[in-house]
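> just coords:
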């Protein structure tokens, strides 16, 4: 077993690889890692001798510790190696790169990599994301420890188990695990959005693309408008369309409203016809109006059905809607004639008709009214959502309080809506 105990990458990279006679076969320049069970492992060590690279398989390593790294081979027996994009090299591809700490919901930098001996192999068990990793690479870790001891202080360890690492770039997929991916999906979308906002665009786009569609849609909704546009624009049209379909029509319209017209048209062509029509309807309204704020996802039933029938319908209709507070009542021409709360419907006599329990003194706004008027209406009447109706009384959609707040609180990033 070449590796006993633990060692950090920086403690042997740059050292000489010794042959059985104790002579140098070259200096260690990098390490090839591959998937292992349960953790990634070292497959080979890359050494440089007289400006030529050679690959030494892990099985050919005799000893690896902080003082000595040796091989069973002689220098003349080493296999030449050419740098390529297929191998995962720890120094080139992992060291100093940004990764996601799926446990702490943050982006961290890899300062060093910890390895441990496991079943005859060298397993990658953690990354050092703290000051120790930096000092170790500068050969100053021990000096710093001694200095701090004079002040009765200790140098903290800041290690992140490989189980909690989620790579940001596709290059690291060869050693990505399923556990971190699940941990990332379990984070709140706002936390994931913050992570994406802190990394370069291409890394953020790759990260978002690899999430499941539902998580990606929720995360996209939490990003700033300009970031949303960048993320969607960088994806394949089919993937982007899947994410947009998962979003509510109003949020999807907000994203598409920031894209060039040709890109919007392309993406709408990949979205199911009915949902695309809903989005197009919302895009036709000016952004800072009730029509621009509203969503056309709501529940509305005719006045002559019973409460019992309404509840049975509701159980099916509510599955695809994000949040519901009101049941709207419309006539045969889609004109709004009444409204009841979800609580009111559940507490009513099952045999009563909606027309018996609905409120007919309606508070509504027109699609062209500005967002501040919508906000004032919601505030004045203590509403969770206000219906948007046209001049004929047709129910076009509802403006929800959370969407209104999102619009009027941020001072920047106003979206320019247009009809595609």
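Here it is on my side, so go on. Values in this document were obtained by computation on a predicted structure and should not be read as measured data. Numbering: from 1, shown residues only.
> residue 295: neighbour count?
Residue 295 has 23 neighbouring residues, counting by other Cβ atoms under 10 Å. The way it works is simple: take the backbone N, C-alpha and C, and place the C-beta from them, glycine included.
> wait, isn't it in contact with residue 398?
Yes - the criterion here is Cβ atoms under 8 Å, and residue 295 meets it with residue 398 at 6.3 Å.
> which neighbours do these two share?
Taking Cβ atoms under 8 Å, 6 or more residues apart in numbering as the contact rule, residue 295 and residue 398 touch no residue in common.
> check which helix or strand covers residue 31.
strand 24-34 (DSSP states H and E).
> now swap in residue 367 and tell me
Residue-wise, residue 367 maps onto no helix or strand under DSSP H and E.
> and the strand or helix carrying residue 340, what does it pack onto?
Secondary structure from DSSP H and E places residue 340 in strand 336-341. When contacts are defined as 3 or more Cβ pairs under 8 Å, 6 or more residues apart in numbering; DSSP states H and E, strand 336-341 sits against strand 326-330, helix 354-357, strand 385-389.
> and the helix or strand following the second one, how far out from the chain's middle?
What that stands for is helix 354-357. Using DSSP H and E, the helix or strand that follows helix 354-357 towards the C-terminus is helix 371-380. With Cα atoms, centre = their mean, to the nearest Å as the basis, helix 371-380 stands 33 Å off its chain's centre.
> stretch 269-280 now?
25 Å.
> what's the answer for stretch 40-48, then?
31 Å.
> in whichever helix or strand residue 402 is part of, which residues are buried?
Assigned by DSSP H and E, residue 402 belongs to helix 401-408. For helix 401-408, burial by neighbour count (16 or more other Cβ atoms under 10 Å) applies to 401, 403-404, 407.
> same check, this time on stretch 54-64
54-56, 58, 60-61, 64.
> do stretch 342-356 as well
345, 348, 353-354.
> repeat that for stretch 329-340.
Residues 329-330, 336-340 are the ones in stretch 329-340 that count as buried (16+ other Cβ under 10 Å).
> identify the farthest-apart pair in the buried residues of stretch 342-356.
Farthest pair in the buried residues of stretch 342-356 (Cβ to Cβ) is 345 and 353. Separation: 11.4 Å.
> check the contact lists of the two and give me the overlap.
What both residue 345 and residue 353 touch, as defined by Cβ under 8 Å, 6+ apart, is the set residue 307.
> any weak-confidence spans in the protein?
Along the chain, the parts satisfying pLDDT under 70 run over 1, 3-4, 102-104, 166-183, 409-420.
> where do the helices sit along the stretch 201-350 of the chain?
201-209, 213-222, 225-233, 237-246, 249-256, 261-270, 273-283, 290-293, 307-317, 342-347 (DSSP state H, counting those that start in this stretch).
> and the ones you listed, which is most packed in?
With neighbours defined as mean count of other Cβ atoms under 10 Å, those peak in mean count at helix 290-293, which reaches a mean of 28.
> please parse this protein into its domains.
What automatic domain parsing lists as the domains of the chain is 6-128, 188-283, 300-408.
> so which of these is nearest residue 161?
So among those, domain 6-128 is nearest, using Cβ to Cβ, at 5.2 Å.
> end to end, how far does the closest one reach?
The stretch domain 6-128 measures 13 Å between its terminal residues, going by Cα to Cα, to the nearest Å.
> quick one, which of the helices and strands packed on strand 336-341 is nearest to residue 16?
Of those, the one closest to residue 16 (Cβ to Cβ) turns out to be strand 385-389, at 71.2 Å.
> for that closest one, which helices and strands make contact with it?
helix 290-293, strand 336-341, helix 371-380, strand 395-400.
> other residues contacting the last one?
Think strand 395-400. Applying Cβ under 8 Å, 6+ apart, the set of residues contacting strand 395-400 is 250, 281-282, 290-291, 293-296, 298, 300, 323, 326, 328, 330, 334-336, 365, 367, 374, 378, 384-390.
> and the helices of the stretch 201-350 of the chain as JSON lines, adding distance to residue 118?
Output for the helices of the stretch 201-350 of the chain, formatted as JSON lines (distance: least, Cβ to Cβ, whole Å):
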{"stretch": "helix 201-209", "distance to residue 118": "29"}
{"stretch": "helix 213-222", "distance to residue 118": "32"}
{"stretch": "helix 225-233", "distance to residue 118": "38"}
{"stretch": "helix 237-246", "distance to residue 118": "37"}
{"stretch": "helix 249-256", "distance to residue 118": "46"}
{"stretch": "helix 261-270", "distance to residue 118": "46"}
{"stretch": "helix 273-283", "distance to residue 118": "50"}
{"stretch": "helix 290-293", "distance to residue 118": "56"}
{"stretch": "helix 307-317", "distance to residue 118": "52"}
{"stretch": "helix 342-347", "distance to residue 118": "56"}
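> all strands of the stretch 51-200 of the chain, in order?
Assigned by DSSP state E, counting those that start in this stretch, the stretch 51-200 of the chain shows strands spanning 52-57, 61-64, 69-71, 79-80, 88-89, 98-101, 106-109, 112-118, 121-128, 159-161, 165-167.
> okay, now the closest residue to residue 205 other than its chain neighbours: neighbour count?
Distance criterion Cβ to Cβ, 6 or more residues apart in numbering; nearest residue to residue 205, sequence neighbours excluded, is residue 234 at 4.2 Å. Residue 234 is flanked by 15 other residues according to other Cβ under 10 Å.
> quick one, what contacts residue 234?
Counted by Cβ under 8 Å, 6+ apart, residue 234 has contacts 201-202, 205.
> return the member of these nearest to residue 125.
residue 202 (28.8 Å).
> which one is that closest one nearest to, not counting chain neighbours?
That would be residue 234: by Cβ to Cβ, 6+ apart, it lies 7.3 Å from residue 202.
> what do you get for residue 350?
Residue 350 sits nearest to residue 308 (Cβ to Cβ, 6+ apart), 4.0 Å away.
> what does residue 218 give?
The nearest residue in space to residue 218 (Cβ to Cβ, 6+ apart) is residue 189, at 3.9 Å.
> do you know how far the one you found is from residue 231?
13 Å (Cβ to Cβ, to the nearest Å).
> go ahead and confirm residue 352 touches residue 307.
Yes - judged on Cβ under 8 Å, residue 352 makes contact with residue 307 at a distance of 5.2 Å.
> what is the nearest of the contacts of residue 234 to residue 26?
Taking the contacts of residue 234 together and measuring to residue 26 by Cβ to Cβ, the closest member is residue 202, at 34.6 Å.
> tell me the spacing between the closest one and residue 209.
Distance from residue 202 to residue 209, by Cβ to Cβ: 11 Å.
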